[in-house]
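**Q** Curious how this folds, go ahead:
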Amino acid sequence: MEIAIVAMNALIGAALAIPAVLYLVLPSHGRKRSPWTDAGDLSGLAPGKPKELEFMRRRVDGWKASTEKSTAWVVRETNGKLVAYAPMCTHLGCAYHWDDGKDQFVCPCHGSYFSVDGQVISGPAPRPLDRYAVKLEGTRIWLGPLEKSNGERA
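**A** Coordinates of the predicted model:
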């Protein structure tokens, strides 16, 4: 009887220990995913005219993976280089928009204004707009990790 009780305790201990060890040792979703997201087609994007792109981005939070809708403001500079700005104002994270009449990004919540190159023109925003890492494949733009701008106004 004593041997049976010890054997049952060992079996229960193993049944609890094996999943716990696997949880701690194995990565959450197997292999690492690329941080790059296909954000859309940029054929016909005029230099100096921002375009808001909507795209689906995969987000992993611990063991939970989800797909969420994201946006970015993309600008083709006059030299042909592409820049993609995060859609949040650097003051309090409000959504901003491009105002064609003023040729500026405008955050209506607290009155921050940004130039087409993301620099602060006026308002309470403490720093320029944050940017995504960008790569171009044909006419498709791929967005990578968000790169915070430095803490200084230009």
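
**Q** longest single strand anywhere in the protein?
**A** When the chain is scanned for its longest strand (criterion: DSSP state E), the result is strand 64-76.

**Q** Run through who's touching that one.
**A** When contacts are taken as C-beta atoms under 8 Å, 6 or more residues apart in numbering, the neighbours of strand 64-76 outside the stretch itself are 29, 37, 39, 42, 45-59, 82-87, 98, 105, 116-117, 129, 132, 141, 143. All C-beta atoms are positioned from the backbone trio N, CA, C, and that covers glycine.

**Q** Mind listing what's buried along it?
**A** Using 16 or more other C-beta atoms under 10 Å as the test for burial, strand 64-76 gives 70-76.

**Q** Near the nearest residue to Trp73 once chain neighbours are set aside, how many other residues are there?
**A** Excluding its sequence neighbours, the residue lying closest to Trp73 (C-beta to C-beta, 6 or more residues apart in numbering) is Tyr85, at 4.4 Å. The local packing count at Tyr85 equals 25, with neighbours defined by other C-beta atoms under 10 Å.

**Q** Just the helices from the protein, written as ranges.
**A** Secondary structure of the chain (DSSP state H): helices at 2-25.

**Q** shaky segments in it?
**A** 27-33, 63, 151-154 (pLDDT under 70).

**Q** Swap in 80 and give it another go.
**A** Confidence mapping of the chain against pLDDT under 80 gives the ranges 23, 26-34, 43-44, 59-65, 150-154.

**Q** tell me the strands in it, going along the chain?
**A** Listed in chain order, the strands of the chain (DSSP E) span 37-41, 51-61, 64-76, 82-85, 97-99, 104-107, 112-114, 120-122, 131-137, 140-147.
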